[in-house]
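Student: sharing a sequence plus its predicted fold:
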Amino acid sequence: MRDPAINLTFHGIGSQARNLDAGEGDVWVSEASFLAVVDAAAAHSDVRITFDDGNASDLHHGLPALTERGLTGTFFVVAGRLGEPGFLDADDVRTLAAEGMTIGCHGMRHRPWRGLDARALHEELVAAKRVLEDVVGQPVTEAACPFGAYDRRVLAALRRSGYQHVYTSDRGHARPTDWLQARNTVRRGDGAELMAQVTSPLAASARLRRHARLTAKRWR
């Protein structure tokens, strides 16, 4: 089994091209901060980069930074926002895929998946997946939970929907072979020092607390 890796999550980058939702400004980073984190991450072979929400800045800032450094990333797109002002459109998503980036599903309407009825959950996990597959012309096999919200029912539905990996916001490390992938959100004001924080090993007591917390979350 391979050693644990670190997953980083970016949201918006640079100047804001639209009005932000409540709390979204906390995870919208400057271009300078974004580049500082990416440069620090590039020095670690065990760090993987992801983007949530399908913001237009994924194409304008994210893609050039990755390609210039020989990196790849996974872009989790909200299918129902394609073409809306400030978000990626279908051609943008195809450009990301053509450049070797992975396209993942972030649902249809960017709403928490916990508590949705069966019809709404199907729209988020299955219908959104099909929209993105039609755009890129290939299977979409990875999903990221909006707001990090999931429970046992959501995880079971994700498995039935055929996702090979599901990404959360649970922080910490994740083995590449794990079906459920913890991620570390990059926040406003973070810089190169973030890498030292997320790559530092946890003490045994902290690992036990984290394991107990995640076990309870997955079985509620």
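Tutor: Yep, it's here.
Student: what about Asp178, neighbour count?
Tutor: By other Cβ atoms under 10 Å, 14 other residues sit near Asp178. All C-beta spots, glycine's among them, are computed from the backbone N, C-alpha and C.
Student: just say helix, strand or coil for it.
Tutor: coil (DSSP: H, G, I helix; E, B strand; the rest coil).
Student: any idea how far Met195 is from the closest residue to it other than its chain neighbours?
Tutor: Of all residues not flanking Asp178 in the chain, His165 sits nearest, at 7.7 Å (Cβ to Cβ, 6 or more residues apart in numbering). Using Cβ to Cβ, to the nearest Å, His165 is found at 22 Å from Met195.
Student: please say which of the two ends up with more neighbours.
Tutor: Counted by other Cβ under 10 Å, His165 and Met195 do not tie: Met195 has more neighbours, with 22 against 19.
Student: the closest residue to that one other than its chain neighbours sits in which helix or strand?
Tutor: Once flanking residues are discounted, Met195 sits nearest to Ala40: 4.2 Å by Cβ to Cβ, 6+ apart. Per DSSP states H and E: Ala40 is located in helix 31-42.
Student: can you point out the buried residues in that helix?
Tutor: 33-38, 40-42 (16 or more other Cβ atoms under 10 Å).
Student: and the helices in this protein?
Tutor: 31-42, 57, 63-68, 90-98, 118-122, 128-136, 152-160, 193-199, 204-219 (DSSP state H).
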